[in-house]
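> Sequence isn't available, so here's the structure alone:
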């Protein structure tokens with residue numbers, strides 16, 4: 001997280017997990033990453049960590065979203081919608097205009113899948129544990145269905161290493 005300019009998530013992750021989206025290392029010689037939340041309707045409930053004002057936060061929303069009083073400690077900015085959600089290319093363009101060059105997405109399978117399917121992912125960092133969760137577990141990414149194997153999403157392994165019993169995989173789209 002510390003190497004990123006921004007940590008991005010969706011409002012669904014904020015509602016369910018209430019992440020802090022902060023760097024846990026103390027005494028770093030640079031500013032913490034900007035917390036960015038995609039919340040098209042500004043519906044994040046009060047009391048969530050990303051609204052605490054302790055670390056700079058930016059809520060990106062669709063036009064005409066109403067800003068409630070509990071958004072007072074955070075910045076809000078409008079981004080054009082696309083297909084019923086925020087346009088992810090417009091989100092990244094907005095962040096680029098702010099000179100944010102590295103964005104780490106920590107979100108659920110829907111938002112992560114949308115970034116991946118739109119071709120907006122440079123790297124995929126996975127930590128894989130030697131456990132099986134069964135077919136009722138949440139997927140890693142929600143992607144469009146494949147008509148055949150020629151449409152599969154190919155990845156190139158850049159780095160792999162053991163972290164205890166788990167594996168850390170750094171992958172890039174092929």
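Arrived safely, thanks for sending. Keep in mind the model is a prediction, meaning the values are calculated, not measured.
> what's the lowest-mean-pLDDT helix or strand in the chain packed up against?
Within the chain, no helix or strand scores below strand 81-82, which has a mean of 88 by mean pLDDT, DSSP states H and E. Taking 3 or more CB pairs under 8 Å, 6 or more residues apart in numbering; DSSP states H and E as contact, the helices and strands that strand 81-82 lies on are helix 88-97. C-beta here means a position set from N, CA and C on the backbone, and glycine is covered the same way.
> Following element in sequence after the helix it packs on, please.
Using DSSP states H and E, the helix or strand that follows helix 88-97 towards the C-terminus is strand 103-105.
> Mind listing what's buried along that following strand?
Residues 103-105 are the ones in strand 103-105 that count as buried (16 or more other CB atoms under 10 Å).
> Need the three-state assignment for residue 25.
Using DSSP: H, G, I helix; E, B strand; the rest coil, the structure places residue 25 in coil.
> Run through the residues that contact it.
residue 2 (CB atoms under 8 Å, 6 or more residues apart in numbering).
> rerun at 10 Å
Counting by CB atoms under 10 Å, 6 or more residues apart in numbering, residue 25 touches 1-2, 32.
> which residue is nearest the centroid of the chain?
In the chain, the residue lying closest to the centroid (CA atoms, centre = their mean) is residue 105, at 2.6 Å.
> quick one: furthest residue from the center of the chain?
Within the chain, the residue lying farthest from the chain centre (CA atoms, centre = their mean) is residue 148, at 28.7 Å.
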